[in-house]
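**Student:** output the structure for:
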Amino acid sequence: MVKILRVDMTNQKVSYEDVAPEYQGLGGRGLTSAVVAREVEPTCNPIGPLNKLIFAPGLLGGTNAANSGRLSVGAKSPLTGGIKEANTGGQAGQYLAKLGVAAIIVEGQAPEGRLFKLVVKKGTAELKPADHLKGLGNYATVEKLVETYGLKAGYVSIGQAGEMKLNGASVAFSDRELRPTRHAGRGGLGAVMGSKGLKALVIDPEGAGNVPLMDAEAFKAASKRFAKALADHPVTSGGLPTYGTDVLINILNEAGGLPTRNFSSGRFEGAEKVSGETLNAVTVKRGGNPTRGCMGGCVIRCSGDFLDSNGEFVSKWPEYETVWAWGPNCGIDDLDAIARYDRMCDDFGLDTIETGCAMAVAMEAGLLKFGDAAGAEKLLAEIGQGTPMGRVLGSGTATVGRVFGVRRVPVVKGQSMPAYDPRAVKGIGVTYATTPMGADHTAGYSVTANILSVGGSVDPLKPQGQAALSRNLQAATAAVDTAGLCLFVAFAVLDIPDAFQAVVDMLNAKYGLNLTGDDVGALGAKILTMEKDFNTRAGFNNAHDRLPDYFKSERLPPHNVVFDVPDSELDSTLQF
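**Tutor:** All right, here's what the predicted structure looks like:
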């Protein structure tokens, strides 16, 4: 029987409860957002006792469906002040689903200065003191937990940034090699976890059986069709497993949409040095593994191991957004330096996008020169040390802009923009502006049709059709996140009709339903409407669904374009 695990940090009590009727039929993002919308006071302080932190595997979690082990983390965001879901790989999602846990809801706050860990096993859960882990980074935290709980558990933790409740703090999840390299990065949810006094979770799947399937044979057949679609599509079978997500560096640079030196240009002269092609070549030369999955059941395997020049492990392959944020956006063309930044962010527990963008704004303010790799590393180290400067940088891009009086600050709803300039990729600009999540490329990845010609083609330099593209992708993404599927399955789903039908068929076979494709799309629209309603009650309005004004007036080289999607279209994007 699937249950919700409720964790009372104030009284250090845990209890299992039935899934309430209003939460049934939901998983992943759909469930985290439903709990936030229903149980969290919209105007509460995000790091106060009234906020709640929710962990939820997707509807297909725990099954053998390809790439179905993603996990959603939700709360009111300290960074945006609105509803937030951050999505992650790692092992915890599959393990929670196998244990029959639909969601963990963490509420209240532990006594000031105290830290706890939550240990979840088959049929049991217990809060235990974790004060001995205070001040440790994620790597040391996981190492100590493994000494006690072994090699077969999944680990969730926060580093120093989360303990300091910095707005850029992430939640770390162990990968298949028990390294804290997968993160629910966006929105500062590590700060919420820190505010609860929860340092870590241990998810032990020992004794967990197979996830119940209403029609096992139908599920098996549908999952095979789905895996075949991923194996047939050139992006999920070729580009991503060979070059990782960093394959996008050269693509976006050629398209003139690669934000460079704090969004001042669309092309970076050092792009090739930090490209996916170079990342692959360096990895192979140094004897690293260039193809690795971030979670069990991954067939795309777009990650890898980055080794230094001595063959020692530094970090997992930096994602495209990480390479961009610390590379072109900061004017740095050194892959080794970027891998070290990635390792430091993973250890301190920081969103690499938010922190890299904060560093670029600091460079624009004159704290460093663009391209100063050594200086960036020293400043980043200050976050882990908790110096005043480190706390400013760890609080995110908007905070750095305010503290140092920078005018050009690329944020929406307080959250930094990822690796696509909205002037040259206008569809993603619509997503940045209108998603309830703050500037977030994963909320509606319009780059598919704007740049990659996946799921059709919409001219990235023109405003026509961008609002409709973003709307449809935002709804589809909300449904994908609710199912617990990796976002990258969208390449196959958008181009191969049977891939989407296979997802519908898997949901029907698992739960004994008769959903249609329209039903799944409607679910995504329902989730977005719920999220937007929470933000409205938190004080958001149409004025918050806008890009910073300089994107409308400053022309971006090389195409010399501005963001010109009309406000009226932005206002209607999420009207379903």
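**Student:** and Val73, that one's in a helix?
**Tutor:** No. Under DSSP: H, G, I helix; E, B strand; the rest coil, Val73 falls outside any helix and is assigned strand.
**Student:** so that it lines up with my notes, have the first residue be 5 from now on.
**Tutor:** With the count now opening at 5, the last piece we talked about shows up as Val77.
**Student:** hey, what's it bridged with?
**Tutor:** Counting by DSSP bridges, Val77 is bridged to Phe59, Ala90.
**Student:** that one contacts Thr92, doesn't it?
**Tutor:** Yes. The pair Val77 / Thr92 is scored as a contact, 6.8 Å apart, by CB atoms under 8 Å. The C-beta positions use only the backbone N, C-alpha and C, and glycine is treated the same way.
**Student:** neighbour count winner among those two?
**Tutor:** Val77 (30 against 23; other CB atoms under 10 Å).
**Student:** contacting residues for the more buried one?
**Tutor:** 36, 57-59, 89-92, 175, 188, 193 (CB atoms under 8 Å, 6 or more residues apart in numbering).
**Student:** now the two most distant members of those.
**Tutor:** Across those, the longest distance by CB to CB is 14.6 Å; it joins Leu57 and Asn91.
**Student:** report the helix or strand with the lowest average pLDDT across the chain.
**Tutor:** When the helices and strands of the chain are scored by mean pLDDT, DSSP states H and E, helix 244-247 comes last with a mean of 87.
**Student:** which strands or helices does that one pack on?
**Tutor:** Applying 3 or more CB pairs under 8 Å, 6 or more residues apart in numbering; DSSP states H and E, one finds that helix 244-247 makes contact with helix 280-289.
**Student:** okay, stretch 533-552 in CSV with CA atoms only?
**Tutor:** Taking Å, rounded to 0.1, in the frame of the first residue of the first chain, the C-alpha atoms of stretch 533-552 are listed here in CSV:
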residue,chain,number,x,y,z
THR,A,533,-3.0,26.3,-13.1
MET,A,534,-2.6,25.1,-9.5
GLU,A,535,1.0,26.5,-9.3
LYS,A,536,0.0,29.8,-10.8
ASP,A,537,-2.9,30.1,-8.3
PHE,A,538,-0.4,29.7,-5.4
ASN,A,539,1.8,32.4,-6.8
THR,A,540,-1.2,34.7,-7.2
ARG,A,541,-2.1,34.2,-3.6
ALA,A,542,1.5,34.8,-2.7
GLY,A,543,1.2,38.3,-4.3
PHE,A,544,2.4,37.6,-7.9
ASN,A,545,0.7,39.2,-10.9
ASN,A,546,1.3,39.8,-14.6
ALA,A,547,4.0,42.3,-13.8
HIS,A,548,6.1,39.4,-12.5
ASP,A,549,5.8,37.5,-15.8
ARG,A,550,8.3,39.8,-17.6
LEU,A,551,11.9,39.7,-18.5
PRO,A,552,14.2,42.5,-17.2
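**Student:** for the closest residue to Leu283 other than its chain neighbours, give its distance to Lys277.
**Tutor:** Counting by CB to CB, 6 or more residues apart in numbering, the nearest residue to Leu283 once its immediate chain neighbours are dropped is Asp250, at 5.1 Å. Distance of Asp250 to Lys277, given as CB to CB, to the nearest Å: 12 Å.
**Student:** which of the two has more residues huddled nearby?
**Tutor:** The residue with more neighbours, out of Asp250 and Lys277, is Asp250; 28 against 14, by other CB under 10 Å.
**Student:** would you confirm that that one belongs to a helix?
**Tutor:** Yes. Under three-state DSSP, Asp250 sits within a helix.
**Student:** contacting residues around it?
**Tutor:** Contacts of Asp250 by CB under 8 Å, 6+ apart are 278-280, 283, 321-324, 327.
**Student:** Val365 contacts Ser399, doesn't it?
**Tutor:** No. Using CB under 8 Å, Val365 is not in contact with Ser399, being 11.7 Å away.
**Student:** looking at the two, which one has more neighbours?
**Tutor:** Neighbour totals were compared for Val365 and Ser399, and Val365 leads with 30 against 27 (other CB under 10 Å).
**Student:** for that one, which non-adjacent residue is spatially closest?
**Tutor:** Closest to Val365 by CB to CB, 6+ apart is Val404, at 4.8 Å.
**Student:** dump the helix or strand where that neighbour lies to CSV, keeping only the CA atoms.
**Tutor:** Assigned by DSSP states H and E, Val404 belongs to helix 401-408. Output of helix 401-408 as CSV, limited to C-alpha atoms (Å, rounded to 0.1, in the frame of the first residue of the first chain):
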residue,chain,number,x,y,z
THR,A,401,22.2,36.5,-8.7
ALA,A,402,19.6,39.1,-7.7
THR,A,403,21.2,39.6,-4.3
VAL,A,404,24.6,40.2,-5.9
GLY,A,405,23.1,42.7,-8.3
ARG,A,406,21.4,44.6,-5.5
VAL,A,407,24.5,44.6,-3.2
PHE,A,408,26.9,45.9,-5.9
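**Student:** mind listing residues that contact it?
**Tutor:** Contacts for helix 401-408 (CB under 8 Å, 6+ apart): 83, 171, 358, 361-362, 365-366, 369-371, 396-397, 410-411, 413-415, 418-420.
**Student:** ditto for stretch 361-373
**Tutor:** Defining contact as CB under 8 Å, 6+ apart, one finds that stretch 361-373 is touched by 172, 265-266, 329-330, 333-335, 374, 376, 379-380, 383-384, 397-401, 403-405, 408-410, 412-415, 420-421.
**Student:** run the last query once more with 7 Å
**Tutor:** Residues lying outside stretch 361-373 but in contact with it, judged by CB atoms under 7 Å, 6 or more residues apart in numbering, are 172, 266, 329, 333-334, 374, 379-380, 383, 397, 400-401, 404-405, 408, 410, 412-414, 420.
**Student:** which one among the contacts of Asp250 gets closest to Asp575?
**Tutor:** Nearest to Asp575 among those, counting by CB to CB, is Tyr324 at 30.6 Å.
**Student:** can you tell me how far the residue nearest to Leu283 sits from Tyr515?
**Tutor:** Counting by CB to CB, the gap from Asp250 to Tyr515 is 37 Å.
**Student:** next one: Asp509
**Tutor:** Distance from Asp509 to Tyr515, by CB to CB: 11 Å.
**Student:** neighbour count for those two, which is higher?
**Tutor:** Taking other CB under 10 Å, Asp509 and Tyr515 do not tie; Asp509 has more neighbours (20 against 17).
**Student:** residues contacting the more buried one?
**Tutor:** When contacts are counted by CB under 7 Å, 6+ apart, Asp509 touches 222, 226.
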